[in-house]
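**Student:** Got a sequence here, can you model it:
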Amino acid sequence: RIPKSDARPPYARIRRHQGKDKHLVTRTDSTTPIWGKIAIVALILIVGGGYVVKMLTNPFSGMDFSIYRLGAMTIFDNEGFTQDLYSPTLNDHGVIKPPFTYPPFAAMLFLPFAFIPLEVGKVIMVVGSAVVAWWISTIIYNYVNVRGRELPLQQYFGRAGTIAVLTILVVSAGPWQRTLDLIQINPFITALILADFVRPATRVPRGVLIGIAGGVKLTPLVFGLILLVRRDWKGIATLGATFFGTIALGFILMPKDAPEFWFSALTNPSRVGGLNFVDNVSIQGWLLHFGLSESAAKPIYYALALVTIVLTAALLYQLERRGAALAQVAVTASLMVALSPISWSHHNVLLPLLAAVFIMDAFPTYFVVQPAWLRVTATVFAVVAVLGLYLSPIRIASWFHGSVDGLEQLAPGALAVSAIPAFCLWVTMTLWSIAALTAPVRGAKVEPVQYGSVRSDAPLGWWGARALVAESAESVRATASREATA
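**Tutor:** Residues are numbered from 1 along each chain as shown. Down below sits the predicted model:
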């Protein structure tokens, strides 16, 4: 029964039901408390008065977006820009002279920005990134509430206010700050990947959006591992067909640039930056940061990469048994960052979701049945990883160096310290994967997360969330009515 002391209406409560209604999340009261309204205003000021103003007043802000736009401008030589798409440099930022590092398909997607002013394009990208951050925060909010738990101070901020606070925390994270400073494409890549796993996928097979993301930036193709673990052959075929379709489109519409990218620029590591720069958080990155030479690090990197893939696949299988789709996405995102020879810290935009997954899935389900020493060890590594990466390696390095300038000449000791969070994240994920292979986890009789009629926690975002949450609210009202009648 509902306690009499709880004066909230039935639809404002979160309840766990038995049977087919188990683990339903309800829509909270639509009224936003004053603290929630303050949080929403603060978010608007941070995005609008902070990042947008900074981006418009700082000529070096949005460096990566300027490259995307210049790459698109090469197609029709907009504004008299006549350079080749894969020339050694498209823009000159003093010490940094970045080239265009993406497939021709990416240049075609950015073509609309070639016809509008640079500043307008920057505003669109920043606001769009903030919208993605809000959506990820909404997914985290629903992810926690669907498990019958509340976020700290949620009752004081309300639903919208709590999501606003989460969004502030997300955009304040190191990966997101760097992303917004550079105006990177990563939030939109992440949105495509998440959308492919949270959408119903009834008419259009899963894998289409991942294939498009892979056509823009190759690393998202690793999310096909989730489909492989699920034995979703249709999804794998769809992913492959979509990805190869983006390649074919490049060869058809950009016949000069496509061969140059796929047969030359793609295999040129100098085009993406130095392997030993402090911001490289991949396995190869922290091996080099810890003092290994490139020749010594290379075989170790390949060995660790292979082990990491195998262990991650085992973990994904156990997550699949439990219907933990969001955890699968977060885990695979960490694998993507670890495997790439160069993964800048701003590639890790799903760090907030991964932190939530640690709290909601990893430790309550996998580490709880492990020996105390393993639980404590995993906890320490996870805390150091999340906090360190939230701050970002560049910020940590700047404390030792005294400035964010000249980090290419960072002292070896400072370089090694800045690599500790990335290393700790890899250790945490490895320990979690090993825990997934232990007998108590493999032999456990599990019931997948039940969200309405869907045996998965995936429909916690996008259009699926709205329909299912509304359905859940009706279910709670009906249950409360039955209890009151009884």
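**Student:** use CA for all of it now, contacts and neighbours both
**Tutor:** OK.
**Student:** Okay, the residue nearest to Leu118 when sequence neighbours are not counted and Ile140: tell me how far apart.
**Tutor:** The spatially closest residue to Leu118, leaving aside those adjacent along the chain, is Ser66, at 7.5 Å (Cα to Cα, 6 or more residues apart in numbering). Note on Ser66: its distance to Ile140, by Cα to Cα, to the nearest Å, is 31 Å.
**Student:** what about this structure, any weak spots by pLDDT?
**Tutor:** Counting by pLDDT under 70, the chain shows low-confidence ranges at 1-30, 78, 80, 91-96, 269-270, 448-486.
**Student:** what about the most centrally placed residue in it, distance to Ile136?
**Tutor:** Nearest residue to the geometric centre of the chain (Cα atoms, centre = their mean): Leu350, 2.4 Å. Computed with Cα to Cα, the distance linking Leu350 and Ile136 is 8 Å.
**Student:** next one: Leu221
**Tutor:** As judged by Cα to Cα, Leu221 and Ile136 stand 20 Å apart.
**Student:** who's more crowded, those two?
**Tutor:** Taking other Cα atoms under 10 Å, Leu221 and Ile136 do not tie; Ile136 has more neighbours (26 against 20).
**Student:** ok, that one to Ala330 distance?
**Tutor:** With distances taken as Cα to Cα, Ile136 is found 12 Å from Ala330.
**Student:** and for these two, which residues touch both?
**Tutor:** Taking Cα atoms under 8 Å, 6 or more residues apart in numbering as the contact rule, Ile136 and Ala330 both touch Leu353.
**Student:** circling back: helix or strand: which one has the residue nearest to Leu118?
**Tutor:** With the criterion set as DSSP states H and E, the secondary-structure element containing Ser66 is helix 63-76.
**Student:** Which parts of that helix count as buried, going by neighbours?
**Tutor:** Neighbour-count burial for helix 63-76, with 16 or more other Cα atoms under 10 Å as criterion, is recorded at 63-75.
**Student:** for those residues, which one is nearest Pro440?
**Tutor:** Proximity of the buried residues of helix 63-76 to Pro440 (Cα to Cα) peaks at Asp64, which lies at 47.0 Å.
**Student:** quick one: the residue lying closest to that closest one once chain neighbours are set aside from Phe65, how far?
**Tutor:** Using Cα to Cα, 6+ apart and skipping residues adjacent in sequence, the residue nearest Asp64 is Leu182, 5.2 Å away. Note on Leu182: its distance to Phe65, by Cα to Cα, is 7 Å.
**Student:** which ones are touching Pro364?
**Tutor:** Pro364 makes no contacts at all, as judged by Cα under 8 Å, 6+ apart.
**Student:** and if you look at Ile185?
**Tutor:** Taking Cα under 8 Å, 6+ apart as the contact definition, Ile185 lies against Phe65, Thr179.
**Student:** List phi and psi for it.
**Tutor:** phi -90, psi -10 (degrees, to the nearest 10).
**Student:** count of neighbours near the residue nearest to Asp64?
**Tutor:** For Leu182, the number of neighbouring residues by other Cα under 10 Å comes to 20.
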